[in-house]
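S.K.: the following comprises the amino acid sequence and a computationally predicted model.
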Amino acid sequence: MLLWLLHHLSAFSTDALASCEKITPRAALAAGVSFLAAVLLGPRWIAWLKGRFREPIKSDSAEIVRLHRGKQSTPTMGGLFVVAALVAAGLLFGDLNNIYLWPAMFTVVGLTLVGIVDDAVKIRSEKNGISVRWKLAAQLAVAAAAAVWLYYRQASVPDGLLLHVPMAGTPIQLGLWFIPLAVLVIVGSSNAVNLADGLDGLAGGCLLAAAAAMTGLVYAAGHAQWAAHLGVPRIPQAGEMTVLAGAMIGGVLGFLWFNCHPAQVFLGNTGALPLGGLLGVLAVVARQELLLLIVAGVFVVEALSVILQVGYFKWRRRRLLRCAPLHHHFQLLGWAENKIVVRFWIAAALCALVGVASLKLGTSDRPPQVAEVVDKDTTNPSGGKHVFQEPRMAQTTVNHRD
């Protein structure tokens, strides 16, 4: 919307206004407006949520229920005002003609609706939300639609279907495998953030570190010179996702204003699912799905702790951890909640730094070569085999606004 206004006022605009067309000023503005919207409107939202949506403490562990007894009836579904601030700032400062903005917005809104239903069932009944099967089916439906949408956008880009392999100089051409990988990343990231949302400020602080790293990665992917320097796939228009990522960072910062210990409001599935999903979309657009495993390492470990706990119990009829996700294990070891949260924040920041630093490991200063992968070419009428050759990498000129 801001770009539309600036285009129509171009004859009267000053240099200061013209500079707002660039990506980085708009990303900063999106972050600032999203933060202010969350902080200023937060008290009203929390008061409204307090009368309607209070968090019931439900857990299979009696000790966890005892430790969290003081949080009983804290307002939940705080993700509503975070997502509202994110979407508003994204629409206000984003380029509405960008090919990636609307699939990302669709993912955020779709997963928010899934989270609302899940939280509502948890609050209004004795159930712990909707069944795992239905919840996963809804997430898969949203992610699949977004993945197909992104596939047709990326397929028209020379490097759009490349998978960057961290610490290796040879990306892999995916072809149609782009779609199932994108679905896995979006759903996995969404659920991993949701699992980490168990202590005051934990998910939000860790999300900030991962989102900051992914913001830099999508910007680099959309910038010809940075993409060539870092040896990553060059994705024209991907840099615009920096604006949406900035809006997410601002909204989460505003939420943490109220979610720090003792929390005045909880994120709920309403916020954790879409924010995690957006993190996955950023990785898909930047072609950094594998690097996301490092950047979002805390979320990955939290998710793995649940998977290992369930699998080990089914195998040996014993618990591997005292409680899962991992942050509850440390609670039962006697760690104070604030100590767990701050140490997880430190770990998240280190994961983000290691992930970004690994971009140059194993690569040279030359643009990377593309591994040849034999795949079915669905556009070949003869149905024969097609060998993907090295596409044209970064150009010598920069052809975007920043």
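M.R.: That came in fine, so what should we check first? Numbers count the residues shown, from 1 in each chain.
S.K.: so what's the residue nearest the centre of the chain up against?
M.R.: The chain has residue 279 as the residue nearest its centroid, 1.1 Å off, counting by CA atoms, centre = their mean. Contacts for residue 279 were tallied using CB atoms under 8 Å, 6 or more residues apart in numbering; they are 189, 193, 207, 210-211, 214, 292, 296. In short, each C-beta sits where N, CA and C put it, glycine included.
S.K.: those residues in helices, which ones?
M.R.: In helices, defined here by DSSP state H, the members of the contacts of residue 279 are 189, 193, 207, 210-211, 214, 292.
S.K.: for the one helix or strand residue 205 maps to, what is the distance to the chain centroid?
M.R.: Assigned by DSSP states H and E, residue 205 falls within helix 202-221. Remark: helix 202-221 is offset 8 Å from the chain centroid, using CA atoms, centre = their mean, to the nearest Å.
S.K.: and that helix, C-alpha only, in PDB?
M.R.: This file holds the C-alpha atoms of helix 202-221, laid out as PDB (Å, rounded to 0.1, in the frame of the first residue of the first chain):
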ATOM      1  CA  LEU A 202      10.300 -19.200  25.600                       C
ATOM      2  CA  ALA A 203       8.900 -19.600  22.100                       C
ATOM      3  CA  GLY A 204       8.800 -15.900  21.400                       C
ATOM      4  CA  GLY A 205      12.500 -15.300  22.300                       C
ATOM      5  CA  CYS A 206      13.700 -18.300  20.300                       C
ATOM      6  CA  LEU A 207      11.500 -17.300  17.400                       C
ATOM      7  CA  LEU A 208      13.200 -13.900  17.300                       C
ATOM      8  CA  ALA A 209      16.600 -15.400  16.800                       C
ATOM      9  CA  ALA A 210      15.500 -17.800  14.100                       C
ATOM     10  CA  ALA A 211      13.400 -15.100  12.300                       C
ATOM     11  CA  ALA A 212      16.300 -12.600  12.300                       C
ATOM     12  CA  ALA A 213      18.600 -15.200  10.600                       C
ATOM     13  CA  MET A 214      15.900 -16.100   8.000                       C
ATOM     14  CA  THR A 215      15.300 -12.400   7.400                       C
ATOM     15  CA  GLY A 216      19.000 -12.000   6.400                       C
ATOM     16  CA  LEU A 217      18.700 -15.100   4.200                       C
ATOM     17  CA  VAL A 218      15.700 -14.100   2.200                       C
ATOM     18  CA  TYR A 219      17.300 -10.700   1.700                       C
ATOM     19  CA  ALA A 220      20.500 -12.300   0.400                       C
ATOM     20  CA  ALA A 221      18.500 -14.600  -1.900                       C
END
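S.K.: tell me the helix or strand right after it.
M.R.: Following helix 202-221 in sequence, per DSSP H and E, is helix 224-230.
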